[in-house]
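In: output the structure for:
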Amino acid sequence: MSGTSLPEAGRSSAIAAYVLYLLSIPSAGVFALIGVILAYASRDGAGAFARTHLEQAIHIWWVAFAWGAACLLGFIIGGALTIVLIGFPIIWLFALVGFIVMVWFSIKSLLGLLALLDGRAA
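Out: Predicted coordinates:
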């Protein structure tokens, strides 16, 4: 911990939230849900530095959730439109968007974790 000499309240929760986010892909998103719940539960008692990371973790989760919900809606619409064959490109498009969101979520989580461990702001 290069940024501070004493452990700050909430720092371990922020680390745990980021790690759970990184483990969320093999768990089909279950660990991400646990991570955001942990971030919400820990942010009120956290110090200023850790709180910014917890709020960043919450923000990352909500952005990914919104895009995930949009992709799910796109899959449903695409599935219904496969009858007229236009649904297949729609499904492929939303699969690509979903993959990009997954990569973005992982990179943002990793960068947040590295910044936290290095003592930098979120």
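
In: hey, let's count contacts and neighbours off CA atoms from now on
Out: OK.

In: now the residue nearest to Leu23 when sequence neighbours are not counted: how far from Leu96?
Out: Spatial nearest neighbour of Leu23, excluding adjacent residues (C-alpha to C-alpha, 6 or more residues apart in numbering): Phe31 at 6.4 Å. Computed as C-alpha to C-alpha, to the nearest Å, the Phe31 to Leu96 distance reads 22 Å.

In: pretty sure the residue nearest to Leu23 contacts Tyr18?
Out: No: when contacts are counted by C-alpha atoms under 8 Å, Phe31 is not listed as touching Tyr18 (10.0 Å).

In: what sits against Gly79?
Out: Applying C-alpha atoms under 8 Å, 6 or more residues apart in numbering, one finds that Gly79 lies in contact with 87-88, 91.

In: one more pass at 10 Å, please.
Out: By C-alpha atoms under 10 Å, 6 or more residues apart in numbering, the residues touching Gly79 are 73, 85-88, 90-91.

In: again with Leu20
Out: So Leu20 contacts 14, 27, 29-36, 38, 109 (C-alpha under 10 Å, 6+ apart).

In: save these as JSON lines, and put in neighbour count, secondary structure and pLDDT too.
Out: As requested, those are exported to JSON lines (neighbours: other C-alpha atoms under 10 Å; DSSP: H, G, I helix; E, B strand; the rest coil; pLDDT from 0 to 100):
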{"residue": "Ala14", "neighbour count": "30", "secondary structure": "helix", "pLDDT": "92"}
{"residue": "Ser27", "neighbour count": "12", "secondary structure": "coil", "pLDDT": "86"}
{"residue": "Gly29", "neighbour count": "16", "secondary structure": "coil", "pLDDT": "84"}
{"residue": "Val30", "neighbour count": "14", "secondary structure": "helix", "pLDDT": "92"}
{"residue": "Phe31", "neighbour count": "19", "secondary structure": "helix", "pLDDT": "93"}
{"residue": "Ala32", "neighbour count": "23", "secondary structure": "helix", "pLDDT": "94"}
{"residue": "Leu33", "neighbour count": "17", "secondary structure": "helix", "pLDDT": "94"}
{"residue": "Ile34", "neighbour count": "16", "secondary structure": "helix", "pLDDT": "95"}
{"residue": "Gly35", "neighbour count": "28", "secondary structure": "helix", "pLDDT": "94"}
{"residue": "Val36", "neighbour count": "24", "secondary structure": "helix", "pLDDT": "95"}
{"residue": "Leu38", "neighbour count": "18", "secondary structure": "helix", "pLDDT": "94"}
{"residue": "Ser109", "neighbour count": "23", "secondary structure": "helix", "pLDDT": "95"}
